[in-house]
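Novice: here is a sequence together with a model predicted from it:
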Amino acid sequence: MSANLNKEDVLKELFNIGVGQAASTLSEIIDKKIVLKVPDVKILNLQEGKKELDAFLQNVAAGAVMVSSISFDRQLQGRISLVFPAEKMHRFIDLCLHEEHDTDAVMDFTDIDFDTIKEIGNILMNAIIGELSNNIHIPVEYTLPEVGILDNARAEAFVNEEAYHLVVLMYISFDIEGTEIEGAIVINMTLKSLDDVMDTIENWL
Amino acid sequence: MDSIMQSVLSYINEGIVILNTDRTITYWNPFMEKITGKKQDQVMGRNINEVIPHLSYRFFDRAVERLIADGTPAFFSAAMHRQMIDSEQKVNLKMNRLKEGSNIAILLEFIDVTNQFLRIDQLRDAVRQLSSLNNELKQKEKVIEKLAYYDQLTGVANRALFERYAEKYIKHAKASDQMLGLMFVDVNEFKSINDTYGHNTGDKVMTRVASMLTESIRKEDIVCRYGGDEFLVLLPDIGSYENYWAIRKRLKELADGRIIQDGLEIVLSLSIGVSFFPDDGETIEELVQKADQFMYANKNTYRSR
């Protein structure tokens, strides 16, 4: 039990290193201080994961969410999604682009907005998956993220129904010049993939 | 690269650049010539950072290193990298690794999104204009509403608004078994003020009386110009005669006596009648009639002085 807890702690640490790198790259690109925090990482079975994710979608992201996601394969298989409440994204994008738009003249999201989130998603997810893959020496292959808006999103949209999948759920908060935007990173990977990760970590301990 | 592939890349509507792992350019398609103004023979064999200086930022370099090492694809948006080519052209950049056996090359795709930026700027302008038009319309709506429900001279409610409130307040008084008061106020000898000092001064006196009434009442009471020199005041939930007397006393203190208007000293006095639901009537018409009678009784007392 205690060895198990330690493995999870190591995994959390790996994710945190990845998130830290992503924050530093993003700060460099947008030339503003960004603080990225991952207060907690939860590894949950499919049912728990869906329940927890649905609670997040209802409480934090009531309504529409903006999602950036990639599927990865080769030795580690699964899907990683970055989920943000859509209503906060205009402000978030404006902060990243050093722009200011009237709140009463808000348009729908444009292709430029989607491209901005695509880049942020790419940096963040590359850092998280890349850090994991590099440290445990398990190769991963993936493409660029796809970005979309989901109205009334439910957990099913991010979590594979197949029983042998697990959910790694991380709540993430972006702080850009004092404006905080909360989101979640959902990694839905096969049990075998997570076992491989955990086995490798166990060998270090 | 075989010639068919070369032709395909020549016709493609995005900038294609292929680099060696040391970042030297091995292919530069015609679309790249178009967006950068740099010909293929000027750039072949040169380091990409010299040809597109924006790519010498550390984060591009790290992305290329990672791409070479483990094939991690990268995307850089035109919105976050506005100067990637120059200040006019807006391009997204995709980086992918090409691998054949042990040979590795880097594929850069520059996707021109300048038109999207222009179109979105136009849309933003249109949305801004619509929003300002909308605000203007809202302001006009308020003005129209004011014209429809408020007396133009004095700014207090007109008869139409009085009727709306009267109906609402009498319903409330009946439902909650509360007293509703109705004052009928008339400016004594107003005709003589008009005749003596002129209509312009008369209008100003009328406006001052409306202000005095508004100052004397409580927040929820409604003052209405009923016509000519007559005002009605609705007093919902008045509670007791004492509360009415307090309002009347405040009004008398303000309005009975001499006022200075346009440098002229004018004697002002008001005749006031009041009726109450339920004691004096069950409907607004009955209450107005009763208050009018009491006002006239008051006026007669004034005249007989």
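Specialist: Good, I have the coordinates. Please read these numbers as outputs of a predicted model, since none were measured by experiment. Numbers count the residues shown, from 1 in each chain, chains lettered A, B, ... in the order given.
Novice: what about the lengthiest helix in chain A, near chain B?
Specialist: Here the longest helix in chain A is taken by residue count, with DSSP state H as the criterion, and it is helix A:2-30. Yes: figure legend: helix A:2-30 in contact with chain B (Cβ under 8 Å from any Cβ of the partner chain); contacting residues A:25, A:28-30. The C-beta positions use only the backbone N, C-alpha and C, and glycine is treated the same way.
Novice: out of those residues, which are buried?
Specialist: Judged by neighbour count, with 16 or more other Cβ atoms under 10 Å in any protein chain shown as the criterion, the buried members of the residues of helix A:2-30 next to chain B are A:25, A:29-30.
Novice: got those residues as JSON lines, with pLDDT and distance to residue B:10 columns?
Specialist: As requested, those are arranged in JSON lines below (pLDDT from 0 to 100; distance: Cβ to Cβ, whole Å):
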{"residue": "A:25", "pLDDT": "91", "distance to residue B:10": "34"}
{"residue": "A:29", "pLDDT": "91", "distance to residue B:10": "32"}
{"residue": "A:30", "pLDDT": "90", "distance to residue B:10": "36"}
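Novice: hang on, the earlier thing: in the longest helix of chain A, what's buried?
Specialist: Neighbour-count burial for helix A:2-30, counted by 16+ other Cβ under 10 Å, picks out A:7, A:10-12, A:14-16, A:18-23, A:25-26, A:29-30.
Novice: name the residues of chain A found near chain B, please.
Specialist: Within chain A, the positions lying close to chain B (Cβ under 8 Å from any Cβ) are A:25, A:28-30, A:93, A:96-97, A:101-102, A:104-105, A:107, A:110-113, A:115-116, A:118-119, A:122, A:126, A:130, A:133-134, A:139-145.
Novice: filter those down to the ones in strands?
Specialist: In this view, those that belong to strands under DSSP state E are A:140-142.
Novice: closest one of those residues to chain B?
Specialist: In terms of Cβ to the nearest Cβ, no member of these lies closer to chain B than residue A:141, at 6.4 Å.
Novice: so where does the residue most central in space within chain A fall, helix or strand?
Specialist: Chain A has residue A:185 as the residue nearest its centroid, 2.5 Å off, counting by Cα atoms, centre = their mean. Element membership of residue A:185, judged by DSSP states H and E, is strand A:179-190.
Novice: list the contacts of that strand.
Specialist: Judged by Cβ atoms under 8 Å, 6 or more residues apart in numbering or on different chains, the contacts made with strand A:179-190 from elsewhere in the structure are A:38, A:49, A:53, A:56, A:60-61, A:76-85, A:88-89, A:91-92, A:95, A:124-125, A:128, A:158-160, A:164-174.
Novice: just the buried ones out of the residues you listed, please.
Specialist: When burial is judged by neighbour count using 16+ other Cβ under 10 Å, the buried members of the contacts of strand A:179-190 are A:38, A:49, A:53, A:56, A:60-61, A:76-85, A:88-89, A:91-92, A:95, A:124-125, A:128, A:158-160, A:165-172, A:174.
Novice: tell me how far residue B:50 lies from chain A.
Specialist: 22 Å (Cβ to the nearest Cβ, to the nearest Å).
Novice: could you pull out the buried residues of the helix or strand hosting that residue?
Specialist: For residue B:50, the host element (DSSP H and E) is helix B:48-51. When neighbours are counted by 16+ other Cβ under 10 Å, the buried residues of helix B:48-51 are found to be B:48, B:51.
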